[in-house]
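> the sequence isn't on hand, but the structure is:
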């Protein structure tokens with residue numbers, strides 16, 4: 001089974017969410033959370049930190065990630081692991097491929113015309129909000 005991760009990054013004030021604008025399919029031109037592939041035999045949490053650093057420059061010294069949910073897509077033979085964390089300081093973002101944006105937390109992340117994932121990003125954010133006291 002192929003494994004991927006998405007990382008929900010809050011700024012230190014918890015009022016903005018880090019997003020990227022996809023440069024390729026799927027969801028080309030839409031906003032998405034950062035993340036990527038888990039390599040074979042790679043620890044999942046390590047993969048999340050690795051992808052986060054590769055795509056944004058954010059390291060494990062800047063944020064503590066927690067796995068908040070997984071989605072299993074049986075027809076695609078794929079698992080999507082979702083991590084969340086809050087920055088402990090301001091950081092200078094380093095873009096790898098996709099342009100990075102800080103989006104207001106009040107944005108409608110269920111808007112499928114603007115965001116990738118058929119509304120799943122909105123669902124992930126709502127779940128993170130419910131458990132924010134445990135996460136941060």
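Sure, I can see it. Because the structure is a prediction, the values reported are computed rather than measured.

> okay, CA-based contacts and neighbour counts for the rest of this
OK.

> so what's the residue most central in space within the chain scoring on pLDDT?
Taking CA atoms, centre = their mean, the centroid of the chain lies closest to residue 7, which sits 2.3 Å from it. As predicted, residue 7 sits at a pLDDT of 98.

> what do you get for residue 136?
So, for residue 136, pLDDT stands at 89.

> that one touches residue 86, doesn't it?
Yes - using CA atoms under 8 Å, residue 136 is in contact with residue 86, at 6.8 Å.

> okay, these two: which has more neighbours?
It is residue 86, of residue 136 and residue 86, that has more neighbours when counted by other CA atoms under 10 Å, with 22 against 15.

> tell me which element that one falls in.
strand 78-86 (DSSP states H and E).

> give me the contacts around that strand.
Contacts with strand 78-86, where a contact means CA atoms under 8 Å, 6 or more residues apart in numbering, come from 1-12, 14, 48, 63-73, 124, 128, 135-136.

> next structured bit after that strand?
Next along from strand 78-86, by DSSP H and E: strand 99-104.

> that next one - what's its average pLDDT?
Mean predicted confidence for strand 99-104 is 98.

> just the buried positions in that strand, please.
Neighbour-count burial for strand 99-104, counted by 16 or more other CA atoms under 10 Å, picks out 100-101, 103.

> dump the residues you listed to a markdown table, plus distance to residue 117.
Below are the buried residues of strand 99-104 laid out as a markdown table (distance: CA to CA, whole Å):
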| residue | distance to residue 117 |
| --- | --- |
| 100 | 17 |
| 101 | 17 |
| 103 | 16 |
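
> what angle do the strand or helix carrying residue 52 and strand 99-104 make?
Using DSSP H and E, residue 52 maps to helix 44-56. Put simply, helix 44-56 runs at 100 degrees to strand 99-104, going by axes from the mean of the first three to the mean of the last three CA atoms, to 10 degrees.
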